[in-house]
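# starting from these lines, generate the structure:
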Amino acid sequence: MASKDLKDALKDTWIVGAGYIPLGLAFGMFAVSLGITWWWVPIISVFLYAGSMQFVAVELVVGGAGFASIALTTLFVNFRHIFYGISFPLRKMKSKLARAYGIHALTDETYALLATRDPKTLTGRRVFYTEIIDHLYWIVGTTVGALIVHLADFDATFMSFALTALFIVLAMDAYRANPDPLGVVGAAIAGAIGMLTGKDFMLIVALSLFTVFVIVRTARSDKPAAQLKAGLERIDFGP
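Below you'll find the predicted structure:
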């Protein structure tokens with residue numbers, strides 16, 4: 001059974017690896033170019049496994065940002081993970097240690113893989129294997145990227161644009177799937193106001209304003225209740 005779960009997890013996660021390894025390479029190269037010692041990169045990837053937030057975090061730390069600024073930025077960037085827990089099959093893992101790791105290793109891509117699977121076909125081992133394989137893809141990518149810059153000794157700070165490019169592509173795909181001109185306008189205004197407040201607080205201000213915009217807009221809509229009901233009906237809460 002364990003071997004089947006591992007095979008299923010490997011079959012599911014290869015597509016995540018196809019994205020994690022090149023993006024991990026970009027992060028590893030970027031971090032070392034900022035002055036991070038190469039061997040810190042795999043350590044960061046093990047304990048601060050946060051994808052996009054890792055790019056932001058190293059820039060904030062190297063730039064001397066305060067603890068409050070880093071904490072608030074992390075909260076806004078990763079706030080969506082609170083809602084992932086509603087439908088993520090964490091209960092499938094019986095071990096407390098496995099569950100603790102499951103919370104730590106929950107990423108957008110892992111959530112997308114597991115939350116869309118039939119809960120009846122998932123086992124705790126398959127959930128665990130999926131998370132750890134995805135995590136290993138990221139660690140390998142970031143470590144190789146760090147070693148490339150360490151050994152070749154060249155400036156790869158331009159790699160920070162990899163994250164910007166990723167979010168541009170994701171935003172374009174999201175808009176194609178659900179065109180929302182008003183949402184784009186709201187995001188643009190929030191970003192512009194954030195930029196006017198200065199570099200140090202740009203992200204916090206922009207995300208705060210856009211969060212308020214989304215809350216107000218949602219509160220005035222008739223759809224949220226129906227969407228929530230439909231979402232709850234799809235969630236398997238277990239026995």
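# give me phi/psi at M93?
Main-chain dihedrals, M93, degrees, to the nearest 10: phi -90, psi 120.
# wait, it sits on Y129?
No - between M93 and Y129 there is no contact under Cβ atoms under 8 Å: 10.7 Å. In this view, the C-beta of every residue, glycine as well, is placed from N, C-alpha and C.
# looking at it, V205 is touching A192, isn't it?
No - here V205 does not reach A192: they are 10.4 Å apart, not a contact under Cβ under 8 Å.
# show me where pLDDT drops low in the chain?
For the chain, residues meeting the criterion pLDDT under 70 lie at 1-2, 156-157, 159-160, 162-164, 166-167, 169-170, 173-174, 177, 198-200, 221-239.
# would you list every one of the helices in it?
Taking DSSP state H as the criterion, the chain contains helices spanning 2-33, 40-47, 52-62, 67-78, 81-87, 96-104, 108-115, 124-152, 161-177, 181-196, 202-219, 224-234.
# identify each buried residue in the fourth one, please.
Using 16 or more other Cβ atoms under 10 Å as the burial criterion, the residues of helix 67-78 that qualify are 69, 72-74, 76-78.
# can you name the residues in contact with that helix?
For helix 67-78, the surrounding residues in contact (Cβ atoms under 8 Å, 6 or more residues apart in numbering) are 50, 52-53, 56-57, 60-61, 200-201, 203-204, 207-208, 211.
# show me the two of these that sit farthest apart.
V61 and T211 (24.3 Å; Cβ to Cβ).
# that older thread, okay, the buried residues of helix 67-78 in a markdown table with distance to D153 next?
Formatted as a markdown table, the buried residues of helix 67-78 follow (distance: Cβ to Cβ, whole Å):
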| residue | distance to D153 |
| --- | --- |
| S69 | 31 |
| L72 | 35 |
| T73 | 31 |
| T74 | 31 |
| F76 | 35 |
| V77 | 31 |
| N78 | 33 |
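# widest-spaced pair of these?
S69 and N78 (14.9 Å).
# how far does stretch 32-42 sit from the chain's center?
Distance of stretch 32-42 from its chain centroid, counting by Cα atoms, centre = their mean, to the nearest Å, is 20 Å.
# ok, stretch 210-217 next?
Relative to the centre of its chain, stretch 210-217 is centred 21 Å away, using Cα atoms, centre = their mean.
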